[in-house]
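1. have a look at this prediction, sequence included:
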Amino acid sequence: IRVPESRTVKGIAAAVAIVIAAAVAVPVAVLGGDGLGHTTTTAYQPGAVFSPSSKATPHTASGRWKLVSALFSLSGTWHQNILGPPPGVLTCDNGDVCYVLAGKYSTPMANAPLLGESLYVSNDFGEEWTVLPMPSGFSASTALSCPETSVCLGGGEFYGQPILISTANGGHQWTMTPLKGVSGELLYLACSSGTTCHGVSGPASDAFDRGMVQNEVPSEEFVSTTDAGARWEASPLPANDAVQAFACPDSDHCLLLGTENTPDPLADPSSALITSDGGRTWTSGDIPSGFSLNVFSGLSCADDLHCQVLGTIPAPVPNPPQCASIPTPQSETGPSATTGPPSLSVAAVANAEGRVAEQANKQQATSGEEGLSCSPNGTQYLGDIASTTDGGKTWEPEVMPTNVPSPQLNDISCTTAEVCWASGSESVPITVGTTFDGGSSMLLGTTDGGATWSRVIFNVPSGAPNPYGEEYLSMGDISCPSANACVALGNAAQSSATAPVYNFVRASTP
């Protein structure tokens, strides 16, 4: 099954390149001829203060930047710290602890071999960070799932062997358990406690780099454990489908959103599978035609009924005259044969987003800016958010703000049925140092369950780290442990030793 590259930790190396500043892996001498033969726990490791540069003094007032605009209805303020940990996979637990799992690579080039991974930990919602080593030979395949304060679990490989890794003390020690009764490695993981988890397993996400093509990939499985990975129960998922988004708001309810494996990954028909008994039985949900899931389809469920998912919609965006020389490929002149025309609800949102994108294109074209977009057939795939209030049975696409041209969304986090934050970028040109780009970072927030969304944007601070001008082009992972606090991590180049951190702490009320 086609694995969603950039929603797994391995895949982020290609979509959001990551690197660590300085960390030493924990040696684990437990390998035999057949690999890891039993559960083992590493020795306790103290944390080290994270300092991305000997010339920089992080975590001071000068490293925080106030936003340009905000959702004042939340009675809080987003701030920006330019010297956060390296870009990676962000997870915040139910307390005030946030983790970034980041990797170090042999070269700045995409798909470079992984040399090792480290864990960056903040106990104050991203203001200050420490770095902890991960076991030598470990590579992650899922984000961390942290059901309790300082308790996290994740999937990965130990010298190529699929394992479940867990910590009960915030990353100072790790327990590695070989996967048994599971096909492939863990691709997604959601844990409701330190012992009970559900997930999706399948072929490693780097299988596609080895020449595997569509319609030639094996199936994925829904897997569960109630004893911290000592034993697993597995059941096959529909053949020829790929899970693109996964969430379990509790130990009974899980939601799997996926796509059918077809030649056009941007137009795959989307589907939903729902369980309310821990995976014993499943029902199907209905995702509107034209709303496509993809590798960036973040999914967040505030409870078993209320969820939000990211996707794309084909929006009509007429090209400006500067695009006249671009030919129209024969395969893109008509509607997709796999999805057909979009539903009325998707078409309404697509037309509204298309008008905003067209206006921005015209403005940039007439002003001579370099940020305009060209499409081979006058259609652009723009980001959108769909919500459900019945656990995934039905979904409704949502209207994006009219001041957000051509949104591209990366992640979403919902803390209640009403409050959600989504991260990504918009087609608003910026200059970072001496580098110009047609897109810039952006957050979207809602306080009414997605009925309306508002934009939050940030200044690019003078003197910000800028190896390739990528740190402020897009917002990456976002994790909100409560309605009162939220942390987001900027994307950055693989050669960058730091990425901006954005944190929101709601003002206390009398």
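-> Right, received. Where do you want to start? Residues are numbered from 1 along each chain as shown.

2. quick one, helices of the chain?
-> Taking DSSP state H as the test, the helices found in the chain are 12-15, 344-367.

3. so which of the ones you listed is the most packed in?
-> helix 12-15 (a mean of 21; mean count of other CB atoms under 10 Å). Backbone N, C-alpha and C define where each C-beta goes, glycine included.

4. now that one: average pLDDT?
-> Mean per-residue pLDDT for helix 12-15: 36.

5. equivalent analysis for stretch 256-266, please.
-> Averaged over stretch 256-266, pLDDT sits at 71.

6. hang on, the earlier thing: looking at the helices of the chain, which is closest to residue 184?
-> helix 12-15 (18.6 Å; CB to CB).

7. buried set for stretch 404-424?
-> 404-415, 417, 419-424 (16 or more other CB atoms under 10 Å).

8. ok now that stretch, how far from the chain's centre?
-> Centroid displacement of stretch 404-424 relative to its chain, using CA atoms, centre = their mean, to the nearest Å, is 11 Å.

9. ditto for stretch 278-293
-> Distance, centroid of stretch 278-293 to centroid of chain: 20 Å (CA atoms, centre = their mean).

10. using CSV, list the CA coordinates for that stretch.
-> Extracted C-alpha coordinates of stretch 278-293, given in CSV (Å, rounded to 0.1, in the frame of the first residue of the first chain):
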residue,chain,number,x,y,z
GLY,A,278,-11.1,-1.2,19.3
GLY,A,279,-11.0,-2.6,15.7
ARG,A,280,-13.3,-5.6,16.0
THR,A,281,-15.9,-4.2,13.6
TRP,A,282,-15.7,-1.3,11.1
THR,A,283,-18.1,1.0,9.3
SER,A,284,-17.5,3.3,6.4
GLY,A,285,-17.7,7.0,6.2
ASP,A,286,-18.4,9.3,3.3
ILE,A,287,-15.8,11.9,2.2
PRO,A,288,-17.2,14.4,-0.4
SER,A,289,-16.0,13.8,-4.0
GLY,A,290,-13.2,16.2,-4.9
PHE,A,291,-11.8,16.5,-1.4
SER,A,292,-8.6,14.5,-1.7
LEU,A,293,-6.4,13.1,1.0
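
11. looking at the helices of the chain, which is nearest to residue 167?
-> Closest approach to residue 167 among the helices of the chain (CB to CB): helix 12-15, 20.5 Å.

12. per-residue pLDDT, residue 438?
-> 79.

13. repeat for residue 108
-> Residue 108 carries a pLDDT score of 64 in this model.

14. kindly report the same for residue 79.
-> Looking at residue 79, its pLDDT is 85.

15. if we can go back for a sec, can you list the helices of the chain in a markdown table and add distance to residue 375?
-> Shown next, in a markdown table, are the helices of the chain (distance: least, CB to CB, whole Å):
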| stretch | distance to residue 375 |
| --- | --- |
| helix 12-15 | 21 |
| helix 344-367 | 10 |
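
16. bridged to residue 442, which residues?
-> As for beta bridges, residue 442 partners with residue 424 under DSSP bridges.

17. what's the burial count for it?
-> 23 (other CB atoms under 10 Å).

18. can you offset everything so residue one is 21?
-> Right, with 21 as the first residue, what we last looked at is residue 462.

19. show me the contacts for it.
-> Contact partners of residue 462, counting by CB atoms under 8 Å, 6 or more residues apart in numbering, are 424, 427, 443-446, 448, 475-477, 495.

20. if we go to 6 Å?
-> Going by CB atoms under 6 Å, 6 or more residues apart in numbering, residue 462 touches 444-446, 477.

21. so how far is residue 297 from it?
-> Between residue 462 and residue 297 the distance, using CB to CB, to the nearest Å, works out to 39 Å.

22. next: residue 450.
-> Applying CB to CB, the value for residue 450 to residue 297 is 49 Å.

23. same deal with residue 402?
-> Going from residue 402 to residue 297 by CB to CB gives 37 Å.

24. those two: which has the busier surroundings?
-> Using other CB under 10 Å as the criterion, residue 402 and residue 297 rank with residue 402 on top: 24 against 10.

25. for the more buried one, what are its contacts?
-> When contacts are counted by CB under 6 Å, 6+ apart, residue 402 touches 335, 373, 426.

26. the first one contacts residue 370, doesn't it?
-> Read that as residue 335. Yes. Applying CB atoms under 6 Å, one finds residue 335 in contact with residue 370, separated by 4.3 Å.

27. strands of the stretch 221-370 of the chain, residue ranges please.
-> Listed from the start of the chain, the stretch 221-370 of the chain has strands (DSSP state E, counting those that start in this stretch) covering 241-245, 253-256, 261-267, 274-280, 290-295, 303-305, 319-321, 327-336.

28. any chance of those in CSV with mean neighbour count as columns?
-> Below are those laid out as CSV (neighbours: other CB atoms under 10 Å):
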stretch, mean neighbour count
strand 241-245, 23
strand 253-256, 14
strand 261-267, 25
strand 274-280, 25
strand 290-295, 22
strand 303-305, 14
strand 319-321, 23
strand 327-336, 26
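
29. which one is residue 132 nearest to, not counting chain neighbours?
-> The spatially closest residue to residue 132, leaving aside those adjacent along the chain, is residue 125, at 4.1 Å (CB to CB, 6 or more residues apart in numbering).

30. from residue 175, how far out is the one you found?
-> Residue 125 sits at a distance of 20 Å from residue 175 (criterion: CB to CB).

31. residue 254 now?
-> 14 Å.

32. do residue 169 as well
-> Distance, residue 169 to residue 175, using CB to CB: 21 Å.

33. neighbour count winner among those two?
-> residue 175 (29 against 13).

34. returning to what we had before: JSON lines for the strands of the stretch 221-370 of the chain, including distance to residue 71?
-> Below are the strands of the stretch 221-370 of the chain laid out as JSON lines (distance: least, CB to CB, whole Å):
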{"stretch": "strand 241-245", "distance to residue 71": "38"}
{"stretch": "strand 253-256", "distance to residue 71": "44"}
{"stretch": "strand 261-267", "distance to residue 71": "35"}
{"stretch": "strand 274-280", "distance to residue 71": "40"}
{"stretch": "strand 290-295", "distance to residue 71": "44"}
{"stretch": "strand 303-305", "distance to residue 71": "47"}
{"stretch": "strand 319-321", "distance to residue 71": "32"}
{"stretch": "strand 327-336", "distance to residue 71": "34"}
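
35. out of those strands, which gets nearest to residue 56?
-> Minimum separation from residue 56 across the strands of the stretch 221-370 of the chain (CB to CB) falls at strand 241-245, 16.6 Å.

36. so residue 329 makes contact with residue 407?
-> No. Residue 329 is beyond contact range of residue 407, at 7.9 Å (criterion: CB under 6 Å).

37. touching, residue 208 and residue 219? I think so.
-> Yes. Between residue 208 and residue 219 there is a contact at 5.3 Å, judged by CB under 6 Å.

38. gap between residue 314 and residue 392?
-> Counting by CB to CB, the gap from residue 314 to residue 392 is 23 Å.

39. sorry, that was for residue 478
-> Following CB to CB, the distance that separates residue 478 from residue 392 is 23 Å.

40. does residue 263 touch residue 278 like I think?
-> Yes. Residue 263 lies in contact with residue 278 (CB under 6 Å); the separation is 4.6 Å.
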